[in-house]
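A.B. asks: no sequence for this one, just the structure:
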């Protein structure tokens, strides 16, 4: 099998204004992200023949990639919805690479938007995962609950404390405070975190991500074609996935997740390791998710995440800046779509507020995480 | 169906009794018996939710067997926010993952003690809570 590391690139990105978008719809946010992405790449909709979406969480959007392609004036030779929860934005980039590699597409738009902060007027019903009726009768209803199970177990096995999780919330908020397109920009302290109300113990409000309106998109093409685009291409160096369980009921462990094998695959493909990363955009639906992923990705040993995140190491200017845009915790929760666009901006080197730019950013890692801590996908991206 | 503050239908609080593979489980609960599927080929417990083929070896033959009802708390949390009207006056309440002695895991509640007294690793045993239309297995600390 030929190694495809570096042979495919991201040549366009789009981000909408995030936060509360009461006048927008799920459809309009997707179109806004696609248009921004095509404008960034200076390519016409009629020149794009591939489109991937993250299945929206509403049953009125079946076969959404095809619907959306035609709404956006794209006549796709390749289109599908992927459904790996918060691992989907990364999986879309991976599938775009595979489709181009297989000769089924030349350029592919990968787009995701959601309307979760203000009411979505789209008709239809929320879609469900499928096993909720084995959880809800006992009062387990929320993603916060699933991740609280992981936090509780991590605390039991390794002595991790709520104050350690706070380090991630505080650093991420600091980055959001520097990002003009972030929802929560007021810096927070350890005291703010420790006095924020309990949601599902041991997770407090400031351990939880936002509910957001907004969208993002990336355009993937081959390294040869990438030269024809105006912006500095960002190469896809490594990719991986692993989905070690589906529900809390069949999880062999909740303290090591899919990130371990997924990152091993991505490191192997790229020939790089944790020490080569200039930044990490790590999925942060809850603080515990990032802590576990940092361990699974080999930035520190299992159980040592609580020490790794201290002393400014994960803040811009530190050894491994984490979620330089403010993440799902403080910028917006678009299932990690903006973790990818932020990584691209950092690697382009001239697109974020100067105080938010990671110095000499050449290589970065991006993670996606979905379901009941079940799905995981990894990308390693590099400046060309 | 009730709706949350963003107009989305809220979750249901009852088990789905018509799931074909799970009907024997819910019927046994009604008789205060905790049961699980055991593979006739590899002899392993399927786990939950019930399903038609063995998740270990894909065999199609299985039998429902009575479990000891003993288990261990794998993880435990306390809901301080209610996502469903029936829990409004119950917060904070415990939800636990209990690993059953013979295999399989359930999302459940530890009853008979306060939420803060529930500890990971704690040995527990099944008790049944009857509702008008169904019965739920819950667990209490082993004395």
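C.D. replies: In hand now; what should we look at? Computed from a predicted structure; not experimentally measured. Numbers count the residues shown, from 1 in each chain, chains lettered A, B, ... in the order given.
A.B. asks: Which parts of chain B are helices?
C.D. replies: Along chain B, counting by DSSP state H, helices occupy B:23-30.
A.B. asks: ok, and the closest non-adjacent residue to residue 101?
C.D. replies: Let's take chain A. residue A:4 (5.9 Å; CB to CB, 6 or more residues apart in numbering or on different chains). (Glycine included, C-beta is placed from N, CA and C.)
A.B. asks: think we crossed wires, I meant chain B
C.D. replies: Going by CB to CB, 6+ apart, residue B:101 has residue B:70 as its nearest residue, at 4.4 Å.
A.B. asks: doesn't residue B:125 make contact with the one you found?
C.D. replies: Yes: with contacts counted by CB atoms under 8 Å, residue B:70 reaches residue B:125, the gap being 5.5 Å.
A.B. asks: Find the residues that touch each one of those two.
C.D. replies: Common contacts of residue B:70 and residue B:125 (CB atoms under 8 Å, 6 or more residues apart in numbering or on different chains): residue B:142.
A.B. asks: can you pull the contacts of the residue nearest the centre of chain A?
C.D. replies: Among the residues of chain A, the one closest to the centroid is residue A:336, at 2.0 Å (CA atoms, centre = their mean). Residue A:336 makes contact with A:86, A:87, A:89, A:90, A:281, A:283, A:328, A:366, A:367, A:368, A:369 under the criterion CB under 8 Å, 6+ apart.
A.B. asks: and the third one, that one's in a helix?
C.D. replies: Yes: counting by DSSP: H, G, I helix; E, B strand; the rest coil, residue A:89 falls inside a helix.
A.B. asks: State the distance from it to residue A:82.
C.D. replies: Distance, residue A:89 to residue A:82, by CB to CB, to the nearest Å: 9 Å.
A.B. asks: Output the below-cut-off pLDDT ranges for chain B.
C.D. replies: B:1-11 (pLDDT under 70).
A.B. asks: would you list every one of the strands in it?
C.D. replies: B:35-39, B:62-66, B:70-79, B:93-100, B:105-108, B:123-130, B:135-141 (DSSP state E).
A.B. asks: how about the second one: buried residues?
C.D. replies: Going by neighbour count (16 or more other CB atoms under 10 Å in any protein chain shown), the buried part of strand B:62-66 is residue B:62.
A.B. asks: Quick one: distance of it to the chain centre.
C.D. replies: Mean C-alpha position of strand B:62-66 versus that of the full chain (CA atoms, centre = their mean, to the nearest Å) differs by 17 Å.
A.B. asks: Residue A:35: how many residues sit nearby?
C.D. replies: Counted by other CB atoms under 10 Å in any protein chain shown, the residues lying close to residue A:35 total 15.
A.B. asks: and it, how far is that from residue A:61?
C.D. replies: 19 Å.
A.B. asks: do the same with residue A:209
C.D. replies: 22 Å.
A.B. asks: Looking at these two, which is more packed in?
C.D. replies: For residue A:209 and residue A:61, the more surrounded residue by other CB under 10 Å is residue A:209, and the numbers stand at 24 against 20.
A.B. asks: Look up the residues forming beta bridges with the closest residue to residue A:379 other than its chain neighbours.
C.D. replies: Of all residues not flanking residue A:379 in the chain, residue A:366 sits nearest, at 4.5 Å (CB to CB, 6+ apart). Here residue A:366 sits in beta bridges with residue A:281, residue A:379, going by DSSP bridges.
A.B. asks: Tell me which residues touch residue A:366, please.
C.D. replies: A:90, A:280, A:281, A:282, A:336, A:339, A:340, A:343, A:378, A:379, A:380, A:381.
A.B. asks: How about residue B:70?
C.D. replies: Neighbours of residue B:70 in contact, by CB under 8 Å, 6+ apart: B:100, B:101, B:123, B:124, B:125, B:126, B:142.
A.B. asks: same question, residue A:357
C.D. replies: Residue A:357 sits in contact with A:316, A:346, A:349, A:350, where contact means CB under 8 Å, 6+ apart.
A.B. asks: Need phi/psi at it.
C.D. replies: Main-chain torsions, residue A:357, degrees, to the nearest 10: phi -80, psi 130.
A.B. asks: Residue B:18 now?
C.D. replies: Residue torsions, per degrees, to the nearest 10, at residue B:18 are phi -90, psi 0.
A.B. asks: what about it, distance to residue A:133?
C.D. replies: Where residue A:133 is concerned, residue B:18 sits at a distance of 10 Å (CB to CB).
A.B. asks: ok, those two, which is more surrounded?
C.D. replies: residue A:133 (18 against 8).
A.B. asks: about what we covered before: kindly write the PyMOL command that selects the buried subset of the contacts of residue A:357.
C.D. replies: Per 16+ other CB under 10 Å, the buried members of those correspond to this PyMOL selection:
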select buried, chain A and resi 316+346
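A.B. asks: would JSON lines of the contacts of residue A:357 with pLDDT be doable?
C.D. replies: JSON lines is the format used below for the contacts of residue A:357 (pLDDT from 0 to 100):
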{"residue": "A:316", "pLDDT": "98"}
{"residue": "A:346", "pLDDT": "98"}
{"residue": "A:349", "pLDDT": "97"}
{"residue": "A:350", "pLDDT": "95"}
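A.B. asks: I'd like the contacts of residue A:357 written out as JSON lines, with secondary structure and distance to residue A:237 added.
C.D. replies: Formatted as JSON lines, the contacts of residue A:357 follow (DSSP: H, G, I helix; E, B strand; the rest coil; distance: CB to CB, whole Å):
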{"residue": "A:316", "secondary structure": "coil", "distance to residue A:237": "22"}
{"residue": "A:346", "secondary structure": "helix", "distance to residue A:237": "14"}
{"residue": "A:349", "secondary structure": "coil", "distance to residue A:237": "17"}
{"residue": "A:350", "secondary structure": "coil", "distance to residue A:237": "21"}
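A.B. asks: which residues sit in contact with the most centrally placed residue in chain B?
C.D. replies: Centroid-nearest residue in chain B, with CA atoms, centre = their mean: residue B:106, separated by 4.0 Å. Counting by CB under 8 Å, 6+ apart, residue B:106 makes contact with A:134, A:249, B:48, B:71, B:97, B:98, B:100, B:137.
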